[in-house]
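Engineer: next one to model:
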Amino acid sequence: MRLGVPLIGVCLLLGGPALATAAAPPQSFPGTPNPGGSEAIDVPIPPPNGKYFGFIDNSAGADWQLISASDYAQMSLPVGANAHRLNLDWRWLERTRDEWTEGTWDLYEEAYDELLAEGIKPILNIGFAPVWARESGEPQLCGSADCRYPPAQWANEEWAEFAAEVARRFPAGVIEVWNEPNIPQFWKSGPDPQRFAEILDFAHDAVKSVRPSMKVLAGGINNNTTSYGGTATTGPAIPLRDFLDQAYGAHPSIKHNMDALSVHTTSQELTYGAGYLLAKVFDDVRDMKAKYDDSARRIWVTEAGLSTTGPTPRTLQEQADGLLRQYRRFMTMKDVDAMLINALVELSAVPASNVNRGYGFRLHNPGFPVKPVYCAFSNRGPGPAVAGCPPLWEPVIPAGSEAGEIDPDIDPDDPGDPDDPGDPDDDGDELSAECQAKIAKLKARKAKLKTKRAVYQPYATQGHKPSQRAVKRLTRRIGDTRQDIRKIKRSCERI
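Structural biologist: Prediction:
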């Protein structure tokens, strides 16, 4: 079976003219060692050895650009995604102190359920204090969407309650604490490694108190190499190396409050060997781990990407080849367990002149046309072929991207199946037989609704209005049934 979706940029892959690019020369960092991995090994998709590959996108309701959670999960499968990062923003989930905003939780829970139903592991990124939980003064006066502040010291326990609630509601997930805490865009009061270590400590302990085996990731540290920005009320960005040095040296140290360290590698670079930006990022991370006797700590790359828009755009071909090469390199590194790419679908509301517009694998147009990068992965993935994609091709590896140390345990013949993602309706507690029977009946109803919705979804994706209305109606009924299941769990007698 071949998926009938539009394709853009095929000429680039068939020898046609490439779009001009104004990208700057690669950043050079002489003396930094090869980061490891190989771009020449044809790593299976999904990845082998229990590793994760997938996407990050805004991920609830309208933030998912009116793409249903089910459609989103379905579009992820042909390219071999087995993980997806959901951004759970505390500001919208507890707008009023001690009152959960259940309507917003429902949107996240629908996305979580759909991902798990397709065998995709949810990575739950948590952060950003609501107004009532911030320090007084400017943090509480700030009312725009970019008011991303840490909680006030007095609100540490409130933050811990939120982290525990996320763990309680999403038992099969992985929790990542904060997003890029070393740059002011995501820590508006000015990056503070000591405070980040405290935030991580409270969240880690809260999660483990609810789900001792749930993985907790530290930080999604931005890959900046210099300090920049800063105002009278906002401190400057802190380079990745310096931030990790201070966060490891903090009391409490991040060393004791994470299962893995997450970093971001997004840039417009295309050269990934010794002496370049990617090498600098991994050298800094590994140096800091070694300095604090934490070399065994695993690394998750929770944001990578190449954009085809912005002031220094990459061509469609460069995006396709570059991200496939990154995937191969990361998945063959000895200490990396995950690669999440920004993003599956382009941001429709962002101007084409903005770099954030062009990261996606698919366009946000009717039918969600695929870009060549989608073909680069789907051609090697487990799903059906995409109609219009050119034959399999090998990316050209440029000088400066030579292979480094390879994971000795890598098995290219072992396609990925990292672990059982879990039952989205399992809250971790054993219920009475009567309650289990009620829940089983509701689960059966929900399964029938999903089956019915699946009939309409292909037509809805192609812009058929009656099918879109049917999908919306059935999605609402599925959500209502999920709510009924949750109510029974909360009211039922526990054994």
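Engineer: what segments of the protein are helices?
Structural biologist: Counting by DSSP state H, the segments of the chain that form helices are 10-13, 69-76, 90-93, 102-117, 138-141, 156-169, 193-210, 240-248, 277-291, 316-331, 372-378, 433-461, 465-491.
Engineer: next one: Glu99 from Pro351, what distance?
Structural biologist: 37 Å (Cβ to Cβ, to the nearest Å). C-beta: built from backbone N, CA, C; applies to glycine.
Engineer: now Ile123
Structural biologist: With distances taken as Cβ to Cβ, Ile123 is found 29 Å from Pro351.
Engineer: Trp159 now?
Structural biologist: 35 Å.
Engineer: so if I had to pick from those two, which one is more boxed in?
Structural biologist: When Trp159 is set against Pro351 and neighbours are counted by other Cβ atoms under 10 Å, the residue ahead is Trp159, at 23 against 10.
Engineer: stretch 150-163: end-to-end distance?
Structural biologist: As for stretch 150-163, its first-to-last residue distance stands at 14 Å under the measure Cα to Cα, to the nearest Å.
Engineer: average model confidence for that stretch?
Structural biologist: Stretch 150-163 comes out with an average pLDDT of 98.
Engineer: show me what counts as buried in it.
Structural biologist: In terms of neighbour count (16 or more other Cβ atoms under 10 Å), stretch 150-163 has its buried residues at 150-152, 155-156, 158-160, 162-163.
Engineer: mind listing residues that contact that stretch?
Structural biologist: When contacts are taken as Cβ atoms under 8 Å, 6 or more residues apart in numbering, the neighbours of stretch 150-163 outside the stretch itself are 90, 93-94, 97, 126, 129, 133-136, 139, 175, 177, 187, 189, 192, 195-196, 198-199, 202-203, 205-207.
Engineer: of these, just the buried ones, ChimeraX syntax please.
Structural biologist: To isolate the buried ones among the contacts of stretch 150-163 in ChimeraX, judged by 16+ other Cβ under 10 Å, type:
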select :90,93,94,126,129,133,134,135,139,175,177,187,189,192,195,196,198,199,202,203,206,207
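Engineer: so which of the helices of the chain is nearest Ile406?
Structural biologist: Put simply, out of those the one that sits nearest Ile406 is helix 316-331, at 10.0 Å, with distance taken as Cβ to Cβ.
Engineer: chain center to the closest one: distance?
Structural biologist: Its chain's C-alpha centre lies 17 Å from the corresponding centre of helix 316-331 when counted by Cα atoms, centre = their mean, to the nearest Å.
Engineer: which elements pack onto that helix?
Structural biologist: If contacts are counted by 3 or more Cβ pairs under 8 Å, 6 or more residues apart in numbering; DSSP states H and E, helix 316-331 sits against helix 10-13, strand 298-304, strand 336-342, helix 372-378.
Engineer: do I have it right that Pro408 meets Lys334?
Structural biologist: Yes - using Cβ atoms under 8 Å, Pro408 makes contact with Lys334 at a distance of 7.1 Å.
Engineer: between those two, which is the more surrounded one?
Structural biologist: In terms of neighbours (other Cβ under 10 Å), Lys334 is the more surrounded of Pro408 and Lys334; the figures are 15 against 6.
Engineer: mind showing which ranges of the stretch 101-250 of the chain have poor pLDDT?
Structural biologist: 230, 232-233 (pLDDT under 70).
Engineer: got a pLDDT number for Leu19?
Structural biologist: Reported pLDDT at Leu19 in the predicted model: 39.
Engineer: next: Val43.
Structural biologist: Confidence at Val43, expressed as pLDDT, is 94.
Engineer: how close does the residue lying farthest from the centre of the chain get to Ala447?
Structural biologist: Most distant residue from the mean C-alpha position of the chain: Glu434, 38.2 Å away (Cα atoms, centre = their mean). With distances taken as Cβ to Cβ, Glu434 is found 21 Å from Ala447.
Engineer: before we move on, what about Glu109?
Structural biologist: 16 Å.
Engineer: who's more crowded, those two?
Structural biologist: Neighbours per residue, other Cβ under 10 Å: of Glu109 and Ala447, the larger number sits with Glu109, 20 against 13.
Engineer: which ones are touching the more buried one?
Structural biologist: Taking Cβ under 8 Å, 6+ apart as the definition, contacts of Glu109 comprise 169-170, 482.
Engineer: now rank these by neighbours and give me the top one.
Structural biologist: In the contacts of Glu109, the most neighbours by other Cβ under 10 Å go to Phe170, 24 neighbours.
Engineer: my read: that residue touches Tyr112, true?
Structural biologist: Yes - taking contacts as Cβ under 8 Å, Phe170 lies within contact range of Tyr112: 5.5 Å.
Engineer: what is in contact with the two at once?
Structural biologist: In terms of Cβ under 8 Å, 6+ apart, Phe170 and Tyr112 are both contacted by the residues Pro122.
Engineer: can you add distance to Gly305 and give the contacts of Glu109 back as CSV?
Structural biologist: Supplementary listing: the contacts of Glu109 in CSV, determined by distance: Cβ to Cβ, whole Å:
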residue, distance to Gly305
Arg169, 29
Phe170, 25
Arg482, 32
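Engineer: tell me which of those is nearest to Phe377?
Structural biologist: Phe170 (26.3 Å).
Engineer: show me what contacts that closest one?
Structural biologist: 108-109, 112, 122, 124.
Engineer: check what pLDDT Ala279 gets.
Structural biologist: 98.
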